[in-house]
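*Asks:* sharing a sequence plus its predicted fold:
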Amino acid sequence: LEDALGASNVSTDPLDRVVYARDALPRELLAIRNGILSYQPEVVVWPVSTEQVAEVLAIARKTHTPVTPVSASSGVCGGAIPLKGGIVMDLKRMNQWHAIDTTSHRVTVGPGVIGQDYEETLNRHGLTGGHFPSSMYCSSVGGWINTRAAGQLSTQYGKIEDMVAGLEAVLADGTVIHTLDTPRQAAGPDFNQILTGSEGTLGIITRATLRVFPYPEHRLFESWLFPDVAAGLEGIRQLMVRGARPAVCRLYDEMDTMLTMGALGHPVEGVLVMLVYEGDAELKAAEAAVGRKSLAASGGKPIGEEAARHWWGHRYKISYQQSNILEHAGQILDTIEVAGPWSRLMNLYTTMKEALATHAVVLAHFSHHYLDGANIYFSLVGQGTEGKEPEAYDAMWKAAMDACVAAGGAISHHHGVGSLKAPWMERSHGAGAMHLYRALKKALDPAGILNPGKMGL
Ligand SMILES: Cc1cc2nc3c(=O)[nH]c(=O)nc-3n(C[C@H](O)[C@H](O)[C@H](O)COP(=O)(O)OP(=O)(O)OC[C@H]3O[C@@H](n4cnc5c(N)ncnc54)[C@H](O)[C@@H]3O)c2cc1C
């Protein structure tokens, strides 16, 4: 590896091996707090080019060594944990900007570009990426594509899979592929979408062409109160059906509303909805007018801009409270994000909430909306026995995933699968779809060197 990459791009230092032993999966943090480090790579490598990625894979094939790709390690499902040891391949040094095409509104970048750099560079060209995960400061383009990530403004701009126009990837056998990067094509399957969300199991993404947007000239904030979750969701459903597309559309259930509005000094009963429209002023004013009619028709009452503006100002803060909670012995926490069509959404919400109620305090919001449905994002804080937190954590996840599958939800809306949700992949997708995925994996990576132990393969 040192011959291929240079000594400064290879490390067997014990500290590096410990740093790369985990990502942001809370279960692993709980185990580490109890002094248990379950997995470690033998070696960490930092390739700087597509050729070097191919050379690492050639060495791995020859020596039957597992390779776990990693970008920024902010994944919360264990996708970047080296379950079988071997090589961790960190792609952060592949953070090149290959092209910025302001005419076609697309850019080509390396997988290691971090979210903050991505957005700030685009802004200097009068553009926005439209992709704002709460982990904006600590996640990367390669990670977004591999986990099918969603940003906070996704109802308008789409998810990362909507932004992928073309990819370069190195397959396990060393083949470098380039997908066709036209706005659309109808010549067979969409090869971008086969790799997107594959979490490093089918290939290493080494370059991505992504669609970007004009920097918004105008922003509009609104907050509304509804009597209950069902009424608020119906208002949003009607807004989506009529064609309005707010960038931000967040409905908080009763408990989440109480905490959010309480923190603003306005404790209220009911359900809060926050909206932000951004873009062309004329177009967005018309969308907001349509939105208001839909929300009012479903029993909503406007309560001004404050809650929405406050959320906007603090939108990256809430996600970084993990360590405050985890430092207390016995405590467990996580977030669980699922999705369902409108016709099954309320049942999915109540079924999962009931299943989780004995395991944790449960808050929920609905923050990514579609013509045909929405996501549910549960925030959970529970109390286990000191030293036995991972067991309590596993029981909470089992209750959540079993309930989700039974109620016809998707086991992940945007965090991915990793090792955490792997046991539910087959029940969620069905045996036929998993047969297709396993056959693809076997054909492309017969020795199973790419990210083994993940995705239920
Ligand atoms: C505070 C916080 C807030 C978050 N908020 C959001 C949010 O709003 N929306 C959201 O979608 N997610 C969110 N996440 C989850 C996480 O940030 C995303 O899953 C993100 O996409 C992971 O990016 P990463 O660069 O850290 O990837 P990593 O964790 O390094 O890797 C993720 C997966 O992709 C694989 N991989 C990485 N790079 C490559 C590559 N180049 N080729 C092949 N495989 C690769 C890895 O093996 C792994 O399976 C949040 C996480 C945290 C900690």
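*Replies:* Here it is on my side, so go on. These numbers were taken from a predicted model, which means no experiment stands behind them. Residues are numbered from 1 along each chain as shown.

*Asks:* would you map the helices across the stretch 151-300 of the chain?
*Replies:* Applying DSSP state H, counting those that start in this stretch to the stretch 151-300 of the chain gives helices spanning 154-157, 160-163, 191-195, 229-241, 254-263, 281-297.

*Asks:* mind putting those helices into a markdown table with distance to Met434?
*Replies:* All C-beta atoms are positioned from the backbone trio N, CA, C, and that covers glycine. Output for the helices of the stretch 151-300 of the chain, formatted as a markdown table (distance: least, C-beta to C-beta, whole Å):
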| stretch | distance to Met434 |
| --- | --- |
| helix 154-157 | 27 |
| helix 160-163 | 20 |
| helix 191-195 | 15 |
| helix 229-241 | 31 |
| helix 254-263 | 34 |
| helix 281-297 | 39 |
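
*Asks:* so of those, which one's packed in deepest?
*Replies:* Here the criterion is mean neighbour count by mean count of other C-beta atoms under 10 Å, and of the helices of the stretch 151-300 of the chain the winner is helix 154-157, at a mean of 24.

*Asks:* any part of that one near the ligand?
*Replies:* No - Helix 154-157 lies apart from the ligand when judged by C-beta under 6 Å from any ligand atom; the minimum separation is 8.6 Å.

*Asks:* gap between that helix and the chain center?
*Replies:* Remark: helix 154-157 is offset 14 Å from the chain centroid, using C-alpha atoms, centre = their mean, to the nearest Å.

*Asks:* same deal with stretch 376-394?
*Replies:* Stretch 376-394 sits 21 Å away from the centroid of its parent chain (C-alpha atoms, centre = their mean).

*Asks:* out of the helices of the stretch 151-300 of the chain, flag the one nearest Ser11.
*Replies:* The minimum distance between Ser11 and the helices of the stretch 151-300 of the chain falls on helix 191-195, with 27.8 Å, by C-beta to C-beta.

*Asks:* tell me which element whatever residue of the stretch 1-150 of the chain ends up closest to the ligand falls in.
*Replies:* Sorted by distance to the ligand under C-beta to the nearest ligand atom, the residues of the stretch 1-150 of the chain start with Gly143, at 2.1 Å. Counting by DSSP states H and E, the secondary-structure element that holds Gly143 is helix 141-147.

*Asks:* also Ile332?
*Replies:* strand 331-341.

*Asks:* from the contact counts, what lies against that strand?
*Replies:* Taking 3 or more C-beta pairs under 8 Å, 6 or more residues apart in numbering; DSSP states H and E as the contact definition, the neighbouring helices and strands of strand 331-341 are helix 26-33, helix 322-326, helix 342-356, strand 373-383, helix 389-406.

*Asks:* show me which residues of the chain are close to the ligand?
*Replies:* Residues of the chain lying near the ligand (C-beta under 6 Å from any ligand atom): 23-24, 68-76, 79-80, 91, 111, 133-135, 139-140, 142-144, 146-147, 149-150, 199-200, 204-205, 319-320, 414-416, 418, 451.

*Asks:* which among the residues you listed end up buried?
*Replies:* Applying 16 or more other C-beta atoms under 10 Å to the residues of the chain next to the ligand, the neighbour count classes 23-24, 68-76, 79-80, 91, 111, 133-135, 139-140, 142-144, 146-147, 149-150, 199-200, 204-205, 319, 414-416, 418, 451 as buried.

*Asks:* before we move on, back to that, which residues sit against the helix holding Gly143?
*Replies:* Helix 141-147 is contacted from outside by 69, 71-72, 74-75, 77, 79-80, 91, 94, 109-113, 115, 118, 131, 133, 149, 160, 164, 167, 195-200, 205, 208, 210, 414-416, using C-beta atoms under 8 Å, 6 or more residues apart in numbering.

*Asks:* give the residue spans of the stretch 151-300 of the chain that score low on pLDDT.
*Replies:* Nowhere does the stretch 151-300 of the chain drop to pLDDT under 70.

*Asks:* for Arg292, give me its contacts.
*Replies:* In this structure, Arg292 makes contact with Glu222, Pro302, judged by C-beta under 8 Å, 6+ apart.

*Asks:* go again with 10 Å.
*Replies:* By C-beta atoms under 10 Å, 6 or more residues apart in numbering, the contact set of Arg292 is Glu222, Trp224, Gly235, Leu239, Ala244, Leu275, Gly300, Pro302.

*Asks:* and Lys421, by the same measure?
*Replies:* Remark: with contacts taken as C-beta under 10 Å, 6+ apart, Lys421 is in contact with 77-79, 336, 397, 400-401, 404, 411-412, 415, 428, 454-456.

*Asks:* thanks again, I'm all set now.
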